[in-house]
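> whatever this is, show me its structure:
(2 chains)
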Amino acid sequence: MILTQAQQDMLDGKQGETMAKVMKTLVAYGNVYGAERMVPVSSEYGHTVISFGLGVMKPVYELYDKLLAEGAVSAQKFSVDPKPVDKKNVRANLIQNIVFDFMYSQQKRYEEQVKTFGIMDDDAYTCTCYLPQVGNTPRRGEVLSWAESSAVVYANSVLGARCNRNSGILELMGSIAGCVPEFGFLLDEGRKADWVVELKTSKLPDAQLFGSAVGMKVLEKVPYVKGLDKYFSQLDESCTTYLKDFGAATASNGSVGLYHIDKLTPEAVDLGESLIRESAPVYVVDDAEIERVKNSYPVVWKDKDAAPKLCFMGCPHMTIQQLKDWAVRVEESLAESGNKKVVIPTVFTSAPAVIKEFEKTEFAPRLAATGVHVSSICPLMYMNNPLCKKMPVITSSNKLRTYSTARFYPEAEVLAIITGNK
Amino acid sequence: MAKTFKGRVIAAGTCTAKALVSHGGFNTLASYQSPMLTGDREVKCSDQNNPDLYKRPLRGVALCLPETIGSTTGGMVLYTVCAHGMQPACMLFSKTIDSLAASGAILADIWTDQTMPVIDELGQEFLDYVKDGMTITVNSGGEVVVS
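Below you'll find the model as predicted:
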């Protein structure tokens, strides 16, 4: 790999032994994928996937102490994935809370480290850092050093930024060094589509199910999706919201880091089908395929007929429009069932900055009146608690289903369950 | 009869260990989540979706796999597993290593005192040939002997 003089100096230890190891790590990473050079991280902000102070992860915080001791802070401010615990808004019993305290014994230490490294602000804890209220929205063509899978796939696909599917820790090192190895999604060649997906359903499919189907089929490859333009005429808020949830499912049910949507996402608009590699296989998604995918999910509850004790919506975090729409949907569904409040404890999760904006709207008290709680927690981290894992939790998130014991239902069914219509 | 395969060195080192084979993708977070949280010294795999490995001890084995899958915390998890000395004796990938496993292998190699040889691009033939319990010897230069 050819390095600039400044990069070579860093590698040679002119900024200290720790910075040399940071650069050595990034160079080794690039060498695995044949990177010929390092390129500057050009986004204004970074983002780190590590948001939790797990006691068992002490080696990570020790490594971070080592970096901080040598002044190896991030060259850019950054946002952080959501916090693991919200005792105020998310129900947990005494014993569950004791377990949380034990599990996340390093939380305070880690949050202090994040402050020193350079978090954007105290509210910058969310997986949807790219939402306008949060302010970490990369521009097209900018090079990022991020790791959160749902954010990476959104930034690459919807915003046209350039980011590999990096790992936690390594993404922070990219922000510290100010450069990342150039390979994969950072290159035009790496952004070409390996698969064509043809959507032939009778109506717009649930984003989470459609994304899951695509992710499980193409795995880490790049799909070019045709047929969504029948439902979305432009990349407006309803479309980007749909793609947020679609992308998160492709990334967690497969390991998709980039997709193109015909006539909608920036590169597909500009380059069209020339993005598709020769002889790319075709995957047809119709109503039967969506149903097959939905029925393929295992139910990992011990008692498969258990009554749900908790519902999580918002993994990844909900947009402000989703919060508003769901306030209305829950109200209407409650009116239908004759119930005054949701019949299952329900938590909608969203970014702290989005929640602040939402609270200024008329919809916030209306949602609160339905009994739904709003929190900025990471539902995945909540479900990591072995005692919470045993609870029958339902969700409309395919990501949460994949990484926890939560049971998936499409949005319409979740709505019916929480309002007592099912 | 011993059979020799040649791959690419991601993290250098030599070792001899018994093979444990995952034919599907190895979900790093799901596999290590429970043993790390419970301090299980045998490091029994907690990924219920991996029928080859579920409940099998991962510590000290020659882990043979196509690739890793799952959360982008995977590299961090692998680094932590190595820092705790709970890692496999080696990781042997039939495919080109994925970016998360590569990150974990590199972080462990550079930032811990532990050794865990990692070889990739051993080919599908390797994964078809190797069976649980076979003896694996990793030599320098990416040579892997299965007997």
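> around chain A, pick out the residues from chain B.
B:10, B:29-30, B:33, B:36-37, B:39, B:48-49, B:69-76, B:79-80, B:83-84, B:97-100, B:102-104, B:106-107, B:109-112 (Cβ under 8 Å from any Cβ of the partner chain). No exception for glycine: its C-beta is placed from N, CA and C like everyone else's.
> so for stretch A:265-273, what gets flagged as buried?
Buried residues in stretch A:265-273, counted by 16 or more other Cβ atoms under 10 Å in any protein chain shown: A:265-268.
> so how many other residues sit close to A:Val328?
Other residues near A:Val328 come to 12 when the count uses other Cβ atoms under 10 Å in any protein chain shown.
> residues touching it, list them.
Contact analysis of A:Val328 by Cβ atoms under 8 Å, 6 or more residues apart in numbering or on different chains lists A:363, A:366.
> so, low pLDDT: which residues of chain B?
For chain B, not a single residue meets the criterion pLDDT under 70.
> residue closest to the middle of it?
With distances taken as Cα atoms, centre = their mean, B:Met91 lies nearest the centre of chain B, 2.8 Å away.
> and that one, backbone torsions?
Backbone torsions of B:Met91, given as degrees, to the nearest 10, read phi -120, psi 130.
> related to what we said a few turns ago, restricted to strands, list the buried residues of stretch A:265-273.
With strands defined by DSSP state E, no entry of those lies inside them.
> restricted to helices, list those.
Applying DSSP state H to these, the entries found in helices are A:266-268.
> quick check, the residue in chain B closest to chain A?
B:Gly75 (2.6 Å; Cβ to the nearest Cβ).
> which residues of chain B fall in strands?
Under DSSP E, chain B gives strands at B:3-6, B:8-11, B:15-21, B:26-27, B:62-65, B:68-69, B:90-93, B:118-120, B:135-138, B:143-146.
> and A:Gly316, which of the three is it?
Gly isn't right for residue A:316; it's Pro. Using DSSP: H, G, I helix; E, B strand; the rest coil, the secondary structure recorded for A:Pro316 is strand.
> show me what contacts A:Met10?
So A:Met10 contacts A:19-20, A:22-23, A:177 (Cβ under 8 Å, 6+ apart).
> let's see it at 6 Å
A:19, A:23 (Cβ atoms under 6 Å, 6 or more residues apart in numbering or on different chains).
> buried stuff in whichever strand or helix holds it?
Assigned by DSSP states H and E, A:Met10 falls within helix A:5-11. The neighbour-count check on helix A:5-11 (16+ other Cβ under 10 Å) flags A:7, A:10-11 as buried.
> turn the residues you listed into JSON lines, including pLDDT.
Below are the buried residues of helix A:5-11 laid out as JSON lines (pLDDT from 0 to 100):
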{"residue": "A:Gln7", "pLDDT": "96"}
{"residue": "A:Met10", "pLDDT": "96"}
{"residue": "A:Leu11", "pLDDT": "97"}
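> so which of the residues you listed is the closest to chain B?
A:Leu11 (12.0 Å).
> OK, contacts around the closest one?
Contacts of A:Leu11 by Cβ under 6 Å, 6+ apart are A:20, A:23.
> how much space separates it from A:Gly135?
Applying Cβ to Cβ, to the nearest Å, the value for A:Leu11 to A:Gly135 is 33 Å.
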